[in-house]
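**Q** task: produce atomic coordinates for the following.
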Amino acid sequence: MSDRKTISETLHDGIGMVFDVDEVLYEEGTGHHQLSLIRNPIFGKVLVLDGAVQVTSRDEFIYHEMLAHVPLAAHGNPADVLIIGGGDCGVAEEVLKHKRVSTLTQVEIDASVLDFSREHFADFNAPVFEDPRFKVEIADGAVFAAETDRRFDVILVDSTDPTGPGAVLFTVDFYRNLKRILRPGGIVVSQNGVPFLQPDEFSKAMKGLSSVFETTSCYLVSVPTYFGGHMTLGWSSDDPKSLSVSEAALTERMAGIDTRYYTPAHHRASFALPRFIETLLENALKS
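**A** Reported below is the predicted structural model:
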């Protein structure tokens, strides 16, 4: 018999992704999630929540840089930023690279995920916890959006997929509350899955966002561990000009910020959609 140990991602019916396990670093049922951390020979540390890969130490920079830098570079003055979710704090690390950001509030439902990530992913999130601009609220993100009196320039929804505890973050009521707490000219970016494997989920989210915001679109990022082709990040705003910021302006706003994936040229190119995603988006916006 083989001694090979593996773990399988169970996100999509009919297919799977198998990771060799060199070492099980941690396993816990947190009350909100079933959490596992393994070491894989290709991706390094791999965090799995409820059977779905959330982040790996090898390719985390791709998703986190595109989720954070695209809206922050597009916004003229992103002073106050809100992250809903984002328990591994990789997005927070990228946000705090922007000196134009005065405050960063992260709302995470599960304190144990934050504690876990601080301990096991310190190689990329350690600076976050030393930055006085960073504040954490342990709360349900949907409830926070419904009740807070604060207002934000950029809101980043770094959620799980629209199942289980994360499903409420894909509802029209939640989108209405995001608009309520967004300042004029603000931008909301949300994780909207892989359209090749999740066309219905993508279309429903785009339809919901477009029923609330004047401008709804999406841009692309390719993350090796998020199987199935391009991942889409939803873009919502009442300022259509935020979609057409020049490369020169983006370059000026990103000056002094080190990245491994994001570039101003790629920022603009990421909004160029393959035909099948463009058609899904067009149909969702018309429905």
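
**Q** neighbouring contacts of the lengthiest strand in the chain?
**A** Determined from DSSP state E, the single longest strand within the chain is strand 182-191. Identification of contacts with strand 182-191 by CB atoms under 8 Å, 6 or more residues apart in numbering yields 67, 70-71, 74-76, 80, 151-159, 169, 175, 178-179, 205, 209, 213, 231, 233-239, 242. To be clear about C-beta, it is placed using only N, CA and C from the backbone, and glycine gets the same treatment.

**Q** in helices, which of those fall?
**A** Among the contacts of strand 182-191, the members falling in helices (DSSP state H) are Leu67, Val70, Pro71, Ala74, Tyr175, Leu178, Lys179, Ala205, Leu209.

**Q** and the second one, what does it touch?
**A** The reference is to Val70. Val189, Tyr219, Leu233, Tyr262, His267, Ser270.

**Q** for those, which one is nearest Thr279?
**A** Tyr219 (16.3 Å; CB to CB).

**Q** which SS state does that closest one fall under?
**A** strand (DSSP: H, G, I helix; E, B strand; the rest coil).

**Q** what residues are bridge-paired with it?
**A** Using DSSP bridges, the bridge partners assigned to Tyr219 are Leu233.

**Q** mind putting the ones in helices among the contacts of strand 182-191 in JSON lines, distance to Tyr226 and pLDDT included?
**A** Shown next, in JSON lines, are these (distance: CB to CB, whole Å; pLDDT from 0 to 100):
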{"residue": "Leu67", "distance to Tyr226": "12", "pLDDT": "98"}
{"residue": "Val70", "distance to Tyr226": "17", "pLDDT": "98"}
{"residue": "Pro71", "distance to Tyr226": "19", "pLDDT": "98"}
{"residue": "Ala74", "distance to Tyr226": "23", "pLDDT": "98"}
{"residue": "Tyr175", "distance to Tyr226": "23", "pLDDT": "97"}
{"residue": "Leu178", "distance to Tyr226": "23", "pLDDT": "98"}
{"residue": "Lys179", "distance to Tyr226": "27", "pLDDT": "97"}
{"residue": "Ala205", "distance to Tyr226": "16", "pLDDT": "96"}
{"residue": "Leu209", "distance to Tyr226": "20", "pLDDT": "97"}
